[in-house]
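Enquirer: Here is a sequence with its predicted model. Questions after.
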Amino acid sequence: MQQGEDLQQDVHIGILALQGAFAEHQVMLKKVPSKRKIVIILVRTQDDLASCNALIIPGGESTTIALLARLAGILEPLREFAKKKPIWGTCAGAILLASAIENPKKGGQELLSGMSVTVARNGWGSQVVESFEAPLEVEGLRESERPFHGIFIRAPVVTAIHTTPSDPPIVVISRISTSLLPSSQTIVSPDEDDTDPRDPRTIVALRQGKHLLTSFHPELTKDNRFHEYFVTECVFPSLLS
Amino acid sequence: MSTPAHTPGGSPLPVIPHGVGNPSGTPVVAPIRSAPYKDGGNSSLGTFGVKSGLAQMLKGGVIMDVVNAEQARIAEEAGACAVMALERVPADIRAQGGVARMSDPKMIKEIVAAVTIPVMAKVRIGHFVEAQILQAIGIDYIDESEVLTPADEEHHINKQAFKVPFVCGAKNLGEALRRISEGAAFIRTKGEAGTGNVVEAVRHQRAVMSEIRRASVMSEEELYAYAKDIQAPFHLLKETARLKRLPVVNFAAGGVATPADAALMMQLGCDGVFVGSGVFHSGDPAKRARAIVQAVTHYNNPKLLAEVSEDLGEAMVGLTIDDNLKGGRLASRGW
């Protein structure tokens, strides 16, 4: 176990490196300014995971990542990890972190159930018209008045939040405008949800307890403020507790 | 450098050893090329950022050729990160001959409906109407492929004009950069499809990497001359030289038949692997597919590679590549 209070101690942040854009996260994380040395671990085995203080699950194909995790024998260790230590899931990682999904592959797929949300896989549809870029306002980011550039690629959509009183509360840190919601979705509920500012489908970044979820890809930008946010807001506080 | 800078498996991996692809060991990723908000609105579709972004999500994964919904499901269950829908796998195109064309849109739609992972489909080189059709039915990625019979022996499709992203084959750096300048957001080696023989894919990947290494130490004057030499756009060559890798994601394709083949291509610096005939022309497709998926993830772990290579049943019958090759050399198509 790592000694939390010791400021000299290195922080070990893992990146799940089974499939997807893990090298991109690695490059971004390296650039995060930090008083404590950040050691990056590419996690492919149980031993890799055991040495981590926190974990990033990258974008990729959620079905592939889940299968490889099971074959590598780290699915259960990941679920245990999610109960104790911070995890940040981007896109496919967000799907894995959810406790329920819509549109799973036939026969269902495995999740870590780290956060009390339901997400719809491929919620925007296919690549051609539903992958897009959009500027985002994000609460709590350094220089938060400067928009963060959101890249959405076959992104999942948050469709429901279902916290119980014993769960840590969910804090939404970024939403997109309802006008950006996929048209196929707004047609489904033409009048009510369309203008509701709390429509869960507009949520693109949220926190629950130690965990962070983004449906877009901060690792595909040149802006490392989200990585810095994860390190300072999720990882460091968790070391003290 | 002629031997892969290979790290034995089992050791902790603070960085990913990239074989000859990346001797320094630090990860090099394709750059961000998003050019947001060009259309004046507050979001943008079909930018190069999202086109190349999807390719980045496929990295470390295996894309499998499938000819029907049932095979697509087997591929998805085996952990494929995407499937390539086509009418006949390359080995059958070789065996049966004739003109190979884009697949029936109905069949492609059935595959799209059967799986939740991205679906790609092939069009003939230069056949931009086949590409328009695939874009209209909402395919995720188009492969402008030498495996099909070319429709134009001079021009490739102007891929910049499409919202759907394209992957293209290349034998060397010049060809790869020409395709990128036409708008390809994703490159793969051509290899020699439908042979189950990895030798050409190795040749093409080594050629690309060796040319990149050469370019990376050149002065600007030399780069101008080299761009002329390999018939590549100067600005892309310069960017490649600076990055020391192709400016987009680069997969292996054409002849990968075993987990070891797949791991070999990864150690040679590929970002992922296409498997064509190798899976569904083998004895136990589901098992082999899963083993290849694991091999791509754990490509630097020989112990695990040995485990997954065990008892896979019969591999596809391979063909030697010589002048008598049935169906001819597909890699020579494309210009």
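Expert: Cool, got the structure.
Enquirer: quick one: residue A:134 and chain B, what's the gap?
Expert: 4 Å (CB to the nearest CB, to the nearest Å). Yep, even glycine has a C-beta here, placed from its N, CA and C like the rest.
Enquirer: so that residue is in which element?
Expert: In this assignment (DSSP states H and E), residue A:134 forms part of strand A:132-136.
Enquirer: Can you tell me what sits against whichever helix or strand comes after that strand?
Expert: Following strand A:132-136 in sequence order, the next helix or strand is strand A:148-152 (DSSP H and E). By CB atoms under 8 Å, 6 or more residues apart in numbering or on different chains, the surrounding residues in contact with strand A:148-152 are A:124, A:130-138, A:141, A:174, A:176, A:204, A:215-218, A:220-221, A:223, A:225-226, B:34, B:36, B:49-50, B:53.
Enquirer: ChimeraX command to pick out the buried ones of these?
Expert: Listed next is the ChimeraX selection for buried residues among these, using 16 or more other CB atoms under 10 Å in any protein chain shown:
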select /A:124,130,131,132,133,134,136,138,141,174,176,204,215,216,217,218,220,221,223,225,226 /B:34,36,49,50,53
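Enquirer: give me phi/psi at the residue in the stretch 101-250 of chain B that chain A sits nearest to?
Expert: In the stretch 101-250 of chain B, no residue comes nearer to chain A than residue B:140, which is 3.9 Å away by CB to the nearest CB. Per-residue torsions, residue B:140: phi -80, psi -30 (degrees, to the nearest 10).
Enquirer: Now that it has come up, it's in contact with residue B:118, right?
Expert: Yes. The pair residue B:140 and residue B:118 passes the contact test of CB atoms under 8 Å, sitting 3.9 Å apart.
Enquirer: now the strands for the stretch 201-335 of chain B?
Expert: Per DSSP state E, counting those that start in this stretch, the stretch 201-335 of chain B carries strands over the ranges B:249-252, B:272-275.
Enquirer: for the ones you listed, which one sits closest to chain A?
Expert: Closest to chain A of the strands of the stretch 201-335 of chain B is strand B:272-275 (CB to the nearest CB; 8.4 Å).
Enquirer: Distance check, residue B:82 against chain A.
Expert: Computed as CB to the nearest CB, the residue B:82 to chain A distance reads 7 Å.
Enquirer: need the helices for chain A, in chain order.
Expert: For chain A, the helices defined by DSSP state H cover A:22-30, A:46-50, A:62-71, A:75-84, A:92-97, A:127-130, A:183-188, A:192-195, A:225-229, A:236-240.
Enquirer: The stretch 101-250 of chain B too?
Expert: Here the stretch 101-250 of chain B has its helices, by DSSP state H, counting those that start in this stretch, at B:105-114, B:128-136, B:173-181, B:199-216, B:220-230, B:234-243.
Enquirer: What average pLDDT does the fourth one get?
Expert: pLDDT averaged over helix B:199-216 equals 97, rounded to a whole number.
Enquirer: Run through who's touching it.
Expert: Under CB under 8 Å, 6+ apart, the answer for helix B:199-216 is B:1, B:20-21, B:170-174, B:176, B:189-192, B:223, B:226, B:230, B:237, B:240-242, B:244-246, B:250, B:252-256, B:264-265, B:268-270, B:321, B:331.
Enquirer: tally of neighbours for residue B:110?
Expert: Residues lying near residue B:110 (other CB atoms under 10 Å in any protein chain shown) number 15.
Enquirer: Model confidence score at the closest residue to residue A:234 other than its chain neighbours, please.
Expert: Once flanking residues are discounted, residue A:234 sits nearest to residue A:86: 4.2 Å by CB to CB, 6 or more residues apart in numbering or on different chains. Residue A:86 is assigned 97 on the pLDDT scale.
Enquirer: mind checking how far residue A:86 is from residue B:83?
Expert: Separation of residue A:86 from residue B:83 (CB to CB, to the nearest Å) stands at 34 Å.
Enquirer: Also residue A:80?
Expert: From residue A:80 to residue B:83 the distance is 33 Å (CB to CB).
Enquirer: was I right about residue A:155 contacting residue A:216?
Expert: Yes. Residue A:155 is in contact with residue A:216 according to CB under 8 Å; the separation is 6.1 Å.
Enquirer: Show me the common contact partners of those two, please.
Expert: A:91, A:204.
Enquirer: what pLDDT does residue 119 get?
Expert: The chain I'm using is chain A. 92.
Enquirer: not quite, I wanted chain B
Expert: The model reports residue B:119 with a pLDDT of 95.
Enquirer: got it, and residue B:160?
Expert: Per-residue pLDDT puts residue B:160 at 93.
Enquirer: ok, residue A:92 - contacts?
Expert: A:20, A:57-62, A:65, A:156, B:57.
Enquirer: ranking those by neighbours, who comes first?
Expert: Across these, neighbour numbers were computed from other CB under 10 Å; residue A:59 holds the maximum, 35 neighbours.
Enquirer: low pLDDT regions in the stretch 51-200 of chain B?
Expert: Nowhere does the stretch 51-200 of chain B drop to pLDDT under 70.
Enquirer: The contacts of helix B:199-216 also near chain A: which ones?
Expert: By CB under 8 Å from any CB of the partner chain, no member of the contacts of helix B:199-216 lies near chain A.
Enquirer: Any of these buried? List them.
Expert: Neighbour counting with 16+ other CB under 10 Å marks B:20-21, B:170-174, B:176, B:189-192, B:223, B:226, B:230, B:237, B:240-241, B:244-246, B:250, B:252-256, B:264-265, B:268-270, B:321, B:331 as buried within those.
Enquirer: Which neighbouring elements make contact with the helix or strand containing residue B:50?
Expert: Here residue B:50 sits within helix B:48-58, counting by DSSP H and E. Packing partners of helix B:48-58 (3 or more CB pairs under 8 Å, 6 or more residues apart in numbering or on different chains; DSSP states H and E): strand A:132-136, strand A:148-152, strand B:186-189, strand B:249-252.
Enquirer: If anything else comes up later, I'll come back, but that's it for now.
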